[in-house]
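Asks: have a look at this prediction, sequence included:
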Amino acid sequence: MLYFGRSFDKYEISLMTDYDFVAKRYEQAIYNLVQINPTVMQSKSGKYTVSVSDSNDRFDILNELGYTGSETSMKLLKSNIENECCFGAFLRGAFLSCGVITDPKKEYHLEFDVNFKSKGRYLSELFSDFTAIPKISDRNGMNMVYFKDSAQIEDILTVMGAQNSVMELIGEKIFKDVRNNVNRKVNCDRANIKKTCLASENQIAAIVKLRKNGKFETLSSDLKEIALLRLENPEMTLSELGENLSVPMSRSAVNRRLKKILELSE
């Protein structure tokens, strides 16, 4: 939380957040580390700023985390992240300080908005050790380290200890898959119905034309039967027409007879 706050060096240690519980957690973390109470302020817009005003207190905090205060670049010290348990706790702190996750109903997106490129690079390298490769981009002066792969987001949330969020994300994925499958089937059915209706219209038009030209009676008995069945049942599929003939036949056989009627009409 300290490392990814608004500032973390000998000149300023502070965090700005919209959330009361994050401000309290940051305040408690500092107290647990060096037993001092930081300054907490709330703006008119509701934002919380937690800061360490005393320079000696800032040096004490830096020293506790392995820094001297004279560093030109505040490199991430992996000695503070010794094992998987520390890694999960580290990610929780980073997420509370600068993390954002999008509602999975809209999209799969987890990001960390880091205020220095070097810190963004260190965080990205840390994830590469975890086999989750993030993408990096600049936005409004912030360095965004983000993930869009749902499986990687699930893994990160699991390591962070956010099991309830993992279950919610998985549930939303299942819901989307079911909905997409239903939509595909509905669209396929619509396309098939449209295709059947168009073919039926053409076949009926051909039969009517043969009747007007006095050619209908010259058709063979098997063509007459299929033609009359089509006129009486414009909504039937080819398979259904075949099942209702005096001598049932396959869909392909029905299709051949109706094609013959179309050719004679032309």
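Replies: On my side now, so go ahead. Residues are numbered from 1 along each chain as shown.

Asks: how close does the residue nearest to residue 13 when sequence neighbours are not counted get to residue 36?
Replies: Closest residue to residue 13 apart from its sequence neighbours, by C-beta to C-beta, 6 or more residues apart in numbering: residue 52 at 4.4 Å. For glycine as for every other residue, the C-beta is placed from the backbone atoms N, C-alpha and C. In this structure, residue 52 and residue 36 are 7 Å apart, going by C-beta to C-beta, to the nearest Å.

Asks: show me which of these two is the more surrounded one.
Replies: residue 52 (23 against 15; other C-beta atoms under 10 Å).

Asks: mind listing what that one touches?
Replies: 12-14, 30, 36, 38-39, 58, 61 (C-beta atoms under 8 Å, 6 or more residues apart in numbering).

Asks: mind redoing it with 7 Å?
Replies: Neighbour list for residue 52: 13, 30, 38, 58, 61 [criterion: C-beta atoms under 7 Å, 6 or more residues apart in numbering].

Asks: are we agreed that residue 100 is in a strand?
Replies: Yes. Under DSSP: H, G, I helix; E, B strand; the rest coil, residue 100 falls within a strand.

Asks: quick check: it touching residue 111?
Replies: Yes. Between residue 100 and residue 111 there is a contact at 5.2 Å, judged by C-beta atoms under 7 Å.

Asks: which of those two has more neighbours?
Replies: Using other C-beta under 10 Å, the more surrounded residue of residue 100 and residue 111 is residue 111, with 21 against 12.

Asks: ok, that one to residue 142 distance?
Replies: 10 Å.

Asks: which stretches of the stretch 1-150 of the chain have low pLDDT?
Replies: Judged by pLDDT under 70, the stretch 1-150 of the chain has its weakly predicted residues at 129, 131.

Asks: and the strands in it, which stretches?
Replies: 7-8, 13-17, 39-42, 48-51, 99-101, 110-114, 135-139, 142-147 (DSSP state E, counting those that start in this stretch).

Asks: including distance to residue 176, could the ones you listed go into CSV?
Replies: Below are the strands of the stretch 1-150 of the chain laid out as CSV (distance: least, C-beta to C-beta, whole Å):
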stretch, distance to residue 176
strand 7-8, 39
strand 13-17, 31
strand 39-42, 39
strand 48-51, 35
strand 99-101, 17
strand 110-114, 17
strand 135-139, 22
strand 142-147, 18
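
Asks: any idea which of those strands gets closest to residue 168?
Replies: strand 99-101 (10.5 Å; C-beta to C-beta).

Asks: contacts for that closest one next, please.
Replies: 110-113.

Asks: let's see 10 Å
Replies: In this structure, residues lying in contact with strand 99-101 by C-beta atoms under 10 Å, 6 or more residues apart in numbering are 4, 91-93, 95, 108-113, 144-147, 153, 156-157, 160, 162, 165, 169.

Asks: so for residue 100 and residue 111, which residues contact both of them?
Replies: By C-beta under 10 Å, 6+ apart, the residues touching both residue 100 and residue 111 are 144, 146.

Asks: thinking again about what came up before, which neighbours do residue 52 and residue 36 have in common?
Replies: Both residue 52 and residue 36 are contacted by 30, 58, 60-61, under the criterion C-beta under 10 Å, 6+ apart.

Asks: now those residues: which count as buried?
Replies: Neighbour counting over the shared contacts of residue 52 and residue 36 (16 or more other C-beta atoms under 10 Å) leaves 30, 58, 60-61 as the buried ones.

Asks: with distance to residue 73 added, can I get these in a markdown table?
Replies: Shown next, in a markdown table, are those (distance: C-beta to C-beta, whole Å):
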| residue | distance to residue 73 |
| --- | --- |
| 30 | 23 |
| 58 | 17 |
| 60 | 21 |
| 61 | 18 |
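
Asks: out of these, which comes closest to residue 219?
Replies: residue 30 (94.0 Å).

Asks: for that closest one, what are its contacts?
Replies: Contact analysis of residue 30 by C-beta under 10 Å, 6+ apart lists 1-2, 13, 15, 36-38, 50-52, 57, 60-61, 64.
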